[in-house]
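Student: quick one: sequence and predicted model below, then my questions.
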Amino acid sequence: PKYGLASWPEKGLGNHRAVLRVGQPANAVRAHIEWRRRDPHPEAKDIRLYDAATGERIPNVVRLDVNREFADLVFQPKTVPGEVYVYYVPYDPPGTGPFGEGGSYFPPEDTSDPAWRQGLGDWRQLPQAEVVEIQARGEFHRMDPMEVIATKDETQALLAANPSEYLLFPEDRRYPIRMFEDLPYRWIERGPTADFRGEAQPGEYYALQIGVFAVRKPIDELTLRFSDLKGDARTIPASAFTCINLTGADWLGRPITKTFPVGQGKVRPLWIGVQVPPDAKGAYTGAITVQPKGQPATDVDLTLTVDGPVLADSGDADLWRMSRLRWLNSTMGIDEEVIPPFTPLQVKGSAVRCLNREVVFGSLGLPERIVSNRLSVLAAPMELVIESGGEPLPFKPDASRVTKATDANVERVTTAQAAGLSLTVVSHMEFDGCVTFAATLRAERDISLDDIGLRVPLSRDIAQYMMGFGKRGGYRPGEWHWKWDIDKANHMVWLGNADAGLQLKLIPDSDAWQVSDLRESGLPASWCNGGRGGADMTESGNQVLLQAYSGPRTLKAGEDMTFRFRLLITPFKPIDPQHWNWRYGDVNGDGTVLHIHQSAPQNPYINYPFLTVPELKATMDSVKTIRGRRTDYGALTYPAEGNLNPAQGALHVWARVCFDPAAGGARQSQFNQALFSLNLPNQDSLGFYWNIDDRGMRTYVRRGAPERNQYPILFGTHQPDWREGQRHLLTLSWGDQLAIYIDGKLAGAGPFKGTVTSPLTNGTL
């Protein structure tokens, strides 16, 4: 059948339909739809028919035969002559929100009238509807030509005509091979071939594919050989070719090779690219030799015609060219370049400085001092403590040297000795404040150890907040205990405040791990030690001690054990002084930053590259035309019940002074500035506001109506130096007393427990 595009609502209908035409009136007609579907169980999905003229669903439908190759249906048409829409993968779309669950297909449903069904007779004698077109709901959803399957008979005929152990199907980049279990009908029409012709432009990274069909036996391994492409004036060397299935670079730029197994009866595409020189022009010919292991080789003759203007971006601006495939082998970002606003590393003796931070390394290669924004993060030097016989083993430093020093990376190696053990500590400090360590112990003899642990003593003044090791971000508790869990990738913790902090990550033995668990990397034999390892956070005096432990173990003579961990020194960058003016929200109102989440119409897909550039540009152009900001500062009202604990709590408000604090005089209440109030139906109230008499923040608790003048607590504070436009953190705290804090400092308090005593029902904040 013919394939095409149309538009219709997704909900309840899906993305694919067949259009039928009924020419003559009849109580029932039959339809044979050769849909050639790739989904494995079409019989498990509903089929819904609608009259094209009225939009009404056709209830009288009988499914005679539904399989992957075709469907035979009988139905009762409504509008004759007219068209019928057959929606054959109907479903409800995903739920709302950026992370809605995927939609589900409707199961088969019999909506036909039993009496009508009983009177059908021999369905083969019914008039037949014409299949006009198979349609997709937009270009993104269409199945043709590469997802239209060949029938079993067509595939068997192809195999009978081609006795080879494997067949090759070179294919243009415009037709990506998407099916690995079936052959596309396009290949049945064309047949296997050892010839490919393509058209490229100068400077383009030209991509093509060779489909490999393992006909009669599996392919365990496969190699490619490329010849030079020879033209009239010049040659494109074989070295300009790459096959991303077989070779490339990993995430650290290291060369990798891959095997290419193809199961019997399966298809896999070889994606190949050739970098066309910018001065190339004309026709170039060469060959690609496909060599499956243990099977005969096949030469694919390649003719590439180069014409048109030079593509300075290698073709990356056009998604259909597939030139971005070469990005898989990109080494961008792994060089030694320092990215602004970061600054080059500076080494001075045992100290290494980066942007606003410094690490001073001790005699065993661990930090003895860490400074961020001129604040000492550590309360004492970090230590790797190895205990045996109930005592820590004293290590004698052997040698320490800088093995690499660039603007972006400083590498240090330190060795030390103890009774029966040698220690090597290798550290890498990068320009952004990331420091990774590998501490390797080697046993010179059989030795039993009580524990191998890392001690990180932090300044209590710095370690105000904590996040990680299974704890949600917030104020640091007095103590915390953590154990390894293969189902939770929470093997890291940060302690600090806005001005300084430190994250410790205990690194598994393998770099591979999932976001949510450690099943890919496995639990580390070093830190976890069969479940005996973990970490504790405790406090004592002016010190917060973070201690990772691994528990008792025995090392055999000559055995190595490496403990890897990473430190991140925060903050990485200076805080932008304008950040208080950033507001996420309605840019037509008070918002200054528009957040476009993935799944929004302007940005429907989470992956790069952006596929909706015109829509994004139109949105940005529209936002940039908005100049002003709201100045009509209004009120926000919330229900009190469920949002306030009247016994204890605190209200923190970052406030901007939008009035002149020097204006007005004593007893001129019109100059008072409201900030917050709790109002109850019985007229009990709590207030927190700027008062003209105090020229500062005042609070009160009132019993009943104002005219009763019952104020069990009322006091003010004094802020005579406030100026219009300033920002201040205003805090009202209640519990054993009612207190006002200005910018984190106690400004006034009164001996009053909690706030109001009346129920909060129907009260407002």
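Tutor: In hand now; what should we look at?
Student: drop to CA atoms for contacts and neighbour counts, all remaining ones
Tutor: Noted.
Student: can you give me the neighbour number for the closest residue to residue 750 other than its chain neighbours?
Tutor: Spatial nearest neighbour of residue 750, excluding adjacent residues (CA to CA, 6 or more residues apart in numbering): residue 738 at 5.3 Å. By the criterion of other CA atoms under 10 Å, residue 738 has 25 neighbours.
Student: mind listing what residue 738 touches?
Tutor: For residue 738, the contacting residues are 732, 749, 750, 751, 752, 753, 754, 755, by CA atoms under 8 Å, 6 or more residues apart in numbering.
Student: pipe the residues you listed into TSV and attach secondary structure and neighbour count per row.
Tutor: Listed next are these as TSV, based on DSSP: H, G, I helix; E, B strand; the rest coil; neighbours: other CA atoms under 10 Å:
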residue	secondary structure	neighbour count
732	strand	23
749	strand	20
750	strand	17
751	coil	13
752	coil	16
753	coil	15
754	coil	18
755	coil	23
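Student: would you check how far apart the residue nearest to residue 750 and residue 718 are?
Tutor: Distance, residue 738 to residue 718, using CA to CA, to the nearest Å: 16 Å.
Student: now do residue 188
Tutor: Separation of residue 188 from residue 718 (CA to CA): 87 Å.
Student: go on, residue 694?
Tutor: Distance from residue 694 to residue 718, counting by CA to CA: 6 Å.
Student: cool, and residue 322?
Tutor: For residue 322, the distance to residue 718 - CA to CA - is 67 Å.
Student: can you get me the start-to-end distance on stretch 372-390?
Tutor: 36 Å.
Student: so what touches it?
Tutor: Residues from elsewhere that reach stretch 372-390 (CA under 8 Å, 6+ apart): 356-358, 362, 366-371, 392-393, 448-460, 462, 499-502, 542-544, 569-571.
Student: buried only: go through the residues you listed for me.
Tutor: Neighbour counting by 16 or more other CA atoms under 10 Å classes 356-358, 362, 366-371, 393, 449-460, 462, 500-502, 543-544, 569-571 among these as buried.
Student: which stretches of the protein form helices?
Tutor: If DSSP state H is used as the criterion, the helices of the chain fall at 114-118, 152-161, 185-190, 613-624.
Student: tabulate these (CSV), appending distance to residue 290 and mean pLDDT.
Tutor: Formatted as CSV, these follow (distance: least, CA to CA, whole Å; pLDDT from 0 to 100):
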stretch, distance to residue 290, mean pLDDT
helix 114-118, 57, 94
helix 152-161, 20, 95
helix 185-190, 19, 95
helix 613-624, 39, 88
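Student: with adjacent residues omitted, what lies nearest to residue 702?
Tutor: Counting by CA to CA, 6+ apart, residue 702 lies nearest to residue 711, which is 4.6 Å off, once chain neighbours are set aside.
Student: measure the one you found to residue 682 for me?
Tutor: Applying CA to CA to residue 711 and residue 682 gives a distance of 15 Å.
Student: show me which of these two is the more surrounded one.
Tutor: Taking neighbours as other CA under 10 Å, residue 711 and residue 682 compare with residue 711 leading, 15 against 12.
Student: which residues does that one contact?
Tutor: By CA under 8 Å, 6+ apart, the neighbours of residue 711 are 700, 701, 702, 703.
Student: now do the one residue sitting closest to the centre of the chain against residue 15, distance only.
Tutor: Nearest to the geometric centre of the chain sits residue 606, at 7.8 Å (CA atoms, centre = their mean). Applying CA to CA, the value for residue 606 to residue 15 is 21 Å.
Student: residue 658: neighbour count?
Tutor: Under the neighbour criterion other CA under 10 Å, residue 658 is assigned a count of 14.
Student: residues contacting it?
Tutor: Counting by CA under 8 Å, 6+ apart, residue 658 touches 724, 725.
Student: rerun that using 6 Å as the cut-off
Tutor: Going by CA atoms under 6 Å, 6 or more residues apart in numbering, residue 658 touches residue 724.
Student: and residue 723, by the same measure?
Tutor: Applying CA under 6 Å, 6+ apart, no residues contact residue 723.
Student: now do the strands in the stretch 1-150 of the chain.
Tutor: Using DSSP state E, counting those that start in this stretch, the strands of the stretch 1-150 of the chain run over residues 3-5, 16-22, 29-33, 48-51, 61-66, 71-75, 82-87, 130-136.
Student: please convert these to a markdown table, extending it with mean pLDDT.
Tutor: Converted to a markdown table, those look like this (pLDDT from 0 to 100):
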| stretch | mean pLDDT |
| --- | --- |
| strand 3-5 | 96 |
| strand 16-22 | 97 |
| strand 29-33 | 97 |
| strand 48-51 | 97 |
| strand 61-66 | 96 |
| strand 71-75 | 97 |
| strand 82-87 | 97 |
| strand 130-136 | 97 |
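Student: got the buried residues for the lowest-mean-pLDDT helix or strand in the chain?
Tutor: Within the chain, no helix or strand scores below helix 613-624, which has a mean of 88 by mean pLDDT, DSSP states H and E. Buried residues in helix 613-624, counted by 16+ other CA under 10 Å: residue 616.
Student: using CSV, write out every CA atom in that helix.
Tutor: Extracted C-alpha coordinates of helix 613-624, given in CSV (Å, rounded to 0.1, in the frame of the first residue of the first chain):
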residue,chain,number,x,y,z
VAL,A,613,15.4,24.9,17.2
PRO,A,614,12.8,27.2,15.6
GLU,A,615,10.4,26.8,18.5
LEU,A,616,13.2,27.5,21.0
LYS,A,617,14.4,30.5,19.1
ALA,A,618,10.9,31.9,18.9
THR,A,619,10.5,31.5,22.7
MET,A,620,13.8,33.3,23.4
ASP,A,621,13.0,36.1,21.0
SER,A,622,9.6,36.6,22.8
VAL,A,623,11.1,36.6,26.2
LYS,A,624,13.8,39.1,25.2
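Student: can you list contacts of it?
Tutor: Here helix 613-624 has contacts from residue 602, using CA under 6 Å, 6+ apart.
Student: again, only using 10 Å
Tutor: The contact list for helix 613-624 (CA atoms under 10 Å, 6 or more residues apart in numbering) reads 587, 588, 592, 593, 594, 596, 601, 602, 603, 610.
Student: what's the answer for stretch 754-765, then?
Tutor: 636-649, 676-686, 700-703, 713, 733-738.
Student: do stretch 290-301 as well
Tutor: Contact with stretch 290-301 is made by 164-170, 193-197, 210, 212, 214, 217-227, 260-262, 270, 285-289, as judged by CA under 10 Å, 6+ apart.
Student: at 6 Å what do you get?
Tutor: The contact list for stretch 290-301 (CA under 6 Å, 6+ apart) reads 194, 195, 221, 222, 223, 224, 287, 288, 289.
Student: buried residues, that stretch. List them.
Tutor: Neighbour counts over stretch 290-301 (16+ other CA under 10 Å) mark 290, 291, 292, 298, 299, 300, 301 as buried.
Student: what's the answer for stretch 416-428, then?
Tutor: 416, 417, 421, 422, 423, 424, 425, 426, 427, 428.
Student: burial count for the nearest residue to the third one once chain neighbours are set aside?
Tutor: Spelled out, it's residue 421. Closest residue to residue 421 apart from its sequence neighbours, by CA to CA, 6+ apart: residue 443 at 4.8 Å. Residue 443 has 21 neighbouring residues, counting by other CA under 10 Å.
Student: against residue 533, how distant is residue 443?
Tutor: Counting by CA to CA, the separation of residue 443 from residue 533 is 20 Å.
Student: re the thing from before, which of the buried residues of stretch 290-301 sit farthest apart?
Tutor: Using CA to CA, the pair of the buried residues of stretch 290-301 lying farthest apart is 292 and 301, separated by 17.2 Å.
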